[in-house]
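**Q** Whatever this is, show me its structure:
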Amino acid sequence: MTTRRDYYEILGVVRGADDTDIKKAYRRMAMKHHPDRNPDDKNAEAVFKECQEAYEVLSDPQKRSAYDQFGHAGVQGGGVPGGGPFGAGGFADIFDNVFGDIFGGGGGGRRGSQVYRGADVRFTLDLSLEDAVFGTEARVRVPTMATCDLCKGSGARAGSVPVTCPTCGGHGQVRLQQGFFSIQQTCPNCRGSGRAISQPCVECRGEGRARRAKTLSVTIPAGVDEGDQIRVSGQGDAGENGGPPGDLYVQVKLKPHPLFRREQDDLYCKVPVRFGTVVLGGEIEIPSLDGRMTLKIPPETQTDKVFRVRGKGVKNVRTSHVGDLFCQITVETPVKLTRAQRELLEAFDASVREGGERHNPVEHSWLDKLRGFFEPKARSSGE
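**A** Next up, the predicted model:
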């Protein structure tokens, strides 16, 4: 009795190989030893059949488990039915399974019209900051491919009906022979529908779908941000040959705001403050999305100082975290002064200069750095 070779050895893989490695090994061996590529080599045909048998067992989880435990005895009768490379359930099925993803083929037993899901549609929605933060119901007008109203999607003119496609015989697919490969692909004549239209609909010209604009109400949840997408199921293009529709994706684009700048969940704004207020301290009115607020300004506040107001930002749409409001102070220089105001300011400025570093520590520190920057250059030039 002839000893049967180990299936793993036949395909040249280790016992722990995963499904991908086994599939790749079978592809390689099948292409190398196929009888059509080796017409005068009887040994090649024998090796090819061994590869077929090994792959059928190792690609099936149950058969592989039984083989790993009991060897060939665990899969008696496994093999490839039909005795030849194109026997019933034999090479044609294995070929479609292993090589179909390369050539676009499908399962060998498929028949009838091919249905296709409609394409997804994307729409950009311009939103105000307030609508994005608090949520809203937006009305959008979206152009999509819809089922033709005149022919109800059949593509045929009124009074006529589609006929069986003469190219594929109504199967929706044709099989082409390329060398030893038998490739199945969508019928180029009927595009997979299995039907031919002799008298196309005057509205959709036989397509079964036509371009239409539809108005939808889209719920915008509170907290959405720039670039977020809201999916509206089933509101994309209509499918072909009765296929399901695609989805609508509404992408958020925020309009510029006159007061606020948004960064994720936080809001930023610049607040102009009078010179006297930042020197002496006081209270100022600041904006928030909830309404007006009062912010206390400590005495001697410097320009560009940032004050943080917690919990006055945006509530995150996913985590419910609430951001903060950051107010940046900018000191406004007085303009169009009267003579009396100028005299008062000149007297004040003179008294501040007399105080020196005590009143203007930042300015004096900067001047010291400036002198340190120029003096080494002066010494190096021989002065």
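**Q** In which helix or strand does Glu354 reside?
**A** Glu354 belongs to helix 339-355 when assigned by DSSP states H and E.
**Q** scratch that, Phe307
**A** Per DSSP H and E, Phe307 falls inside strand 306-309.
**Q** for that strand, which positions count as buried?
**A** For strand 306-309, a neighbour-count test (16 or more other C-beta atoms under 10 Å) marks Phe307 as buried. Placement of C-beta: from N, CA and C, glycine included.
**Q** Can you name the element that comes right after it?
**A** Strand 306-309 is succeeded, C-terminally, by strand 325-332 (DSSP H and E).
**Q** Grab the CA positions of the helix holding Glu354 and hand them over as PDB.
**A** Provided in PDB are the C-alpha atoms of helix 339-355 (Å, rounded to 0.1, in the frame of the first residue of the first chain):
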ATOM      1  CA  ARG A 339      -5.600 119.000  26.000                       C
ATOM      2  CA  ALA A 340      -6.500 118.500  29.600                       C
ATOM      3  CA  GLN A 341      -6.300 114.800  29.300                       C
ATOM      4  CA  ARG A 342      -2.900 115.000  27.600                       C
ATOM      5  CA  GLU A 343      -1.600 117.300  30.400                       C
ATOM      6  CA  LEU A 344      -2.800 114.800  33.100                       C
ATOM      7  CA  LEU A 345      -1.200 111.900  31.200                       C
ATOM      8  CA  GLU A 346       2.100 113.700  30.800                       C
ATOM      9  CA  ALA A 347       2.200 114.500  34.500                       C
ATOM     10  CA  PHE A 348       1.400 110.900  35.300                       C
ATOM     11  CA  ASP A 349       4.000 109.600  32.900                       C
ATOM     12  CA  ALA A 350       6.700 111.800  34.400                       C
ATOM     13  CA  SER A 351       5.900 110.600  37.900                       C
ATOM     14  CA  VAL A 352       6.100 106.900  36.700                       C
ATOM     15  CA  ARG A 353       9.500 107.500  35.100                       C
ATOM     16  CA  GLU A 354      10.800 109.000  38.300                       C
ATOM     17  CA  GLY A 355       9.900 105.700  40.100                       C
END
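**Q** Over it, what's the mean pLDDT, rounded is fine.
**A** Over the span of helix 339-355, the pLDDT mean works out to 86.
**Q** can you tell me how far the residue nearest in space to the middle of the chain sits from Lys253?
**A** Centroid-nearest residue in the chain: Gln229, 9.5 Å away (criterion: C-alpha atoms, centre = their mean). From Gln229 across to Lys253, the span is 11 Å (C-beta to C-beta, to the nearest Å).
**Q** Can you list the helices and strands that the helix or strand hosting Pro287 packs against?
**A** Secondary structure from DSSP H and E places Pro287 in strand 282-288. Counting contacts by 3 or more C-beta pairs under 8 Å, 6 or more residues apart in numbering; DSSP states H and E, strand 282-288 is packed against strand 266-274, strand 291-297.
**Q** 6 Å - rerun?
**A** On a contact count with 3 or more C-beta pairs under 6 Å, 6 or more residues apart in numbering; DSSP states H and E, strand 282-288 meets strand 291-297.
**Q** okay, the angle between the strand it packs on and strand 282-288?
**A** Counting by axes from the mean of the first three to the mean of the last three C-alpha atoms, to 10 degrees, strand 291-297 lies at 150 degrees to strand 282-288.
**Q** Show the average pLDDT along strand 291-297.
**A** Regarding strand 291-297, the rounded mean pLDDT is 90.
**Q** Show residues contacting it.
**A** The contact list for strand 291-297 (C-beta atoms under 6 Å, 6 or more residues apart in numbering) reads Thr277, Gly281, Gly282, Glu283, Ile284, Glu285, Ile286.
**Q** could you redo the last one with a cut-off of 7 Å?
**A** Outside strand 291-297, the residues within contact range by C-beta atoms under 7 Å, 6 or more residues apart in numbering are Val273, Thr277, Val278, Gly281, Gly282, Glu283, Ile284, Glu285, Ile286, Phe307, Val309, Cys327.
**Q** nearest to Ile220, of those?
**A** Each of the contacts of strand 291-297 was checked against Ile220 using C-beta to C-beta; the closest is Val309, at 25.5 Å.
**Q** in this protein, which segments are predicted with low confidence?
**A** Applying pLDDT under 70 to the chain picks out residues 1-3, 76-115, 159, 177-182, 191, 206, 241, 357-359, 362-383.
**Q** Confirm for me that Lys315 is in contact with Asp225.
**A** No - using C-beta atoms under 7 Å as the test, Lys315 is too far from Asp225 to be in contact (11.3 Å).
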